[in-house]
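In: what's the 3D shape of this:
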Amino acid sequence: MSDLFSARADEIRAGAAPLATRMRPRDLDEVVGQPALMGPEAAFRRLVESGRPVSMLLWGPPGTGKTTLARLVASNADAAFETLSATSAGVKDVREVLAAARARLETDERRTVLFLDEIHRFAKNQQDALLPGVEDGTLILIGATTENPFFEVNSPLMSRMTLFRLEPLHPDDLADLVKRALSDTERGLGEMSLTIDDEAVSELGNRTGGDARQALNSLEVAALLASGAGRSAITVDDVAEALQRRIVRYDKVGDQHYDVISAFIKSVRGSDPDAALYWLFLMLEGGEDPEFIARRLIILAAEDVGLADAHALPLAIAAADALAYVGLPEATYHLSEATIYLATAPKSNSVARAMTKARELVTDGPSPSVPPHLRSAAYPGAAKLGHGADYRYAHDYDGGVVDQRYFPDEVSPEALYTPGSRGGEEEIRARLEEIDRILRRDRGE
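Out: Numbering: from 1, shown residues only. Model prediction:
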């Protein structure tokens, strides 16, 4: 009798679950997308089909099937399936799962798959608690993460797991899921007898960022809107109402944070203001810290524009100051203006090259001593020590330049800075030619 009640309870829970949960694939053939994992010769598929899986990390954005794949690993291995979320579980929970897995293995000779969602949220000591069970085979650990595991998962644990990367689903894959859910009368929305416009399907596929869970749950809302209005077809307006706004896939503390800011920097450096603006607004709409963006613009102004445009750095600093004064959304104008200005400005990395040469000369060269004529003579007794003797005051000479030694005696004078040929550095180059003539220095090309 208890089994009947239990089965009925499971049925009720399944019926109340969101569409995305009800439509979760029951076998590998129902999985859509992820060709690198699900192809006939893919390592992941062969591992699952063998029924002898190994501990693994599933790394990918939300809604790409990490939980589904973990369940399929367990079912194909005829293993018990345990699940923990790193947001709420602790070491005590891990030890309880390990103890149950050990007892199950010893009494029933049945293995256990532990699915640990958001494994990156486990602290080091919590991750360490998993090691014994993974190492001796007591359990098969499947960790799921949206973050780069090389940053977030301990090396000892990483070395005992196989990494598989999941990608956002293609809009065509999402379209297949949507149509399948609409026609499925057992688990989907088939009993509602609804159709969906091609434009609405395309909208769901394009605006949910490759997230199958978001696409299916939005479809469910859109279906209720259409049905409630007495219509038999889901329209693009129903989908727009269900979504409310585009889902911006951006993780401001994870791997994408580094990838997107890299794309932004390289777009500005490459003088593409349009691409730079795209990445800028992807960050802003995704909730990135605007002060982080402002700091990157200040760095870009010095590192990549440099002296080719002397206005670049003050303008970038002004944008950061404006952000501090007015905040968002108004400071979006200032960040955009700075982005466009830096992207369209002439570029030069001459200062960076000069810094590298200077650093190498200091670290690899001889230990210097300051020549007596350059030493400070500002304190009593300095003159008796010969400090400042024979120093020639540059302003007393034509052009404000005088031929005297400025390098230490131990270091051969070397041209460290070579100006570029773009923007304001053309003027600097012309002035340096006269300075080099007086100082008798060969700067080269």
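In: residue boundaries of the strands in the stretch 151-300 of the chain?
Out: For the stretch 151-300 of the chain, the strands defined by DSSP state E, counting those that start in this stretch cover 162-165, 195-196, 233-234.
In: Now do the contacts for residue 69.
Out: 31, 37, 44, 48, 58, 166 (Cβ atoms under 8 Å, 6 or more residues apart in numbering). Yep, even glycine has a C-beta here, placed from its N, CA and C like the rest.
In: any idea whether it is helix, strand or coil?
Out: helix (DSSP: H, G, I helix; E, B strand; the rest coil).
In: Verify the stated contact: residue 77 with residue 140.
Out: Yes: the pair residue 77 / residue 140 is scored as a contact, 7.3 Å apart, by Cβ atoms under 8 Å.
In: Name the spans of the chain whose pLDDT lies under the cut-off.
Out: The model of the chain has pLDDT under 70 over residues 1-16, 245-256, 373, 377-390, 444-445.
In: Domain ranges for it, per the record?
Out: Domain assignment for the chain by automatic domain parsing gives 34-165, 171-243, 255-344.
In: In TSV: these, plus distance to residue 409.
Out: Output for the domains of the chain, formatted as TSV (distance: least, Cβ to Cβ, whole Å):
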stretch	distance to residue 409
domain 34-165	49
domain 171-243	64
domain 255-344	30
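In: and of these, who's closest to residue 354?
Out: Each of the domains of the chain was scored for nearness to residue 354 using Cβ to Cβ, and the closest is domain 255-344 (9.7 Å).
In: Got the phi and psi for residue 145?
Out: Dihedral pair for residue 145: phi -150, psi 140, per degrees, to the nearest 10.
In: related to what we said a few turns ago, can you add distance to residue 263 and give the strands of the stretch 151-300 of the chain back as CSV?
Out: Shown next, in CSV, are the strands of the stretch 151-300 of the chain (distance: least, Cβ to Cβ, whole Å):
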stretch, distance to residue 263
strand 162-165, 19
strand 195-196, 34
strand 233-234, 35
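In: Which of these sits closest to residue 312?
Out: Across the strands of the stretch 151-300 of the chain, closest to residue 312 is strand 162-165 (Cβ to Cβ), at 38.1 Å.
In: mind listing what's buried in the closest one?
Out: residue 164 (16 or more other Cβ atoms under 10 Å).
In: now swap in stretch 346-358 and tell me
Out: Buried residues in stretch 346-358 (16+ other Cβ under 10 Å): 346, 347, 348, 349, 350, 351, 354.
In: Just the ones in strands from these, please.
Out: Among these, no member is found in strands (DSSP state E).
In: Closest one of the residues you listed to residue 313?
Out: For those, the residue nearest residue 313 by Cβ to Cβ is residue 351; the value is 10.7 Å.
In: Go ahead and confirm that closest one touches residue 306.
Out: Yes: counting by Cβ under 8 Å, residue 306 is a contact partner of residue 351 at 4.7 Å.
In: Residues in contact with stretch 222-242: which ones?
Out: So stretch 222-242 is in contact with 182, 189, 192-197, 199-200, 203-204, 207, 218-219, 221, going by Cβ under 8 Å, 6+ apart.
In: let me fix that: stretch 415-423
Out: 306-309, 345-351, 353-354, 357-358, 361, 425-426, 428-429, 432, 436, 441-445.
In: same deal with stretch 290-307?
Out: Taking Cβ under 8 Å, 6+ apart as the rule, stretch 290-307 contacts 261, 264-265, 268-269, 280, 283-284, 312-313, 315-317, 319-320, 323, 328, 331, 335, 338-339, 342, 345-352, 419-420, 424-425, 428.
In: Of all the residues in it, which ones are buried?
Out: Buried residues in stretch 290-307 (16+ other Cβ under 10 Å): 290, 293-294, 296-298, 300-301, 303-307.
In: And for stretch 326-341?
Out: Neighbour count says stretch 326-341 has 331, 332, 334, 335, 336, 338, 339, 340, 341 buried, by 16+ other Cβ under 10 Å.
In: State the helix or strand in which the fifth one lies.
Out: Secondary structure assigned from DSSP states H and E places residue 336 in helix 332-344.
In: Can you name every helix or strand that that helix contacts?
Out: helix 255-269, helix 273-285, helix 290-300, helix 312-326 (3 or more Cβ pairs under 8 Å, 6 or more residues apart in numbering; DSSP states H and E).
In: Using PDB, write out every CA atom in the helix or strand hosting residue 105.
Out: Using DSSP H and E, residue 105 sits in helix 91-108. The C-alpha trace of helix 91-108 is given here as PDB (Å, rounded to 0.1, in the frame of the first residue of the first chain):
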ATOM      1  CA  VAL A  91      30.800  18.600   4.900                       C
ATOM      2  CA  LYS A  92      28.300  16.700   7.100                       C
ATOM      3  CA  ASP A  93      26.000  16.100   4.100                       C
ATOM      4  CA  VAL A  94      29.000  14.900   2.000                       C
ATOM      5  CA  ARG A  95      30.000  12.400   4.800                       C
ATOM      6  CA  GLU A  96      26.400  11.100   5.000                       C
ATOM      7  CA  VAL A  97      26.300  10.500   1.300                       C
ATOM      8  CA  LEU A  98      29.700   8.800   1.400                       C
ATOM      9  CA  ALA A  99      28.500   6.500   4.300                       C
ATOM     10  CA  ALA A 100      25.400   5.600   2.400                       C
ATOM     11  CA  ALA A 101      27.300   4.900  -0.800                       C
ATOM     12  CA  ARG A 102      29.800   2.700   1.000                       C
ATOM     13  CA  ALA A 103      27.000   0.700   2.700                       C
ATOM     14  CA  ARG A 104      25.100   0.400  -0.700                       C
ATOM     15  CA  LEU A 105      28.300  -0.900  -2.400                       C
ATOM     16  CA  GLU A 106      29.000  -3.400   0.400                       C
ATOM     17  CA  THR A 107      25.500  -4.800   0.700                       C
ATOM     18  CA  ASP A 108      24.000  -4.500  -2.800                       C
END
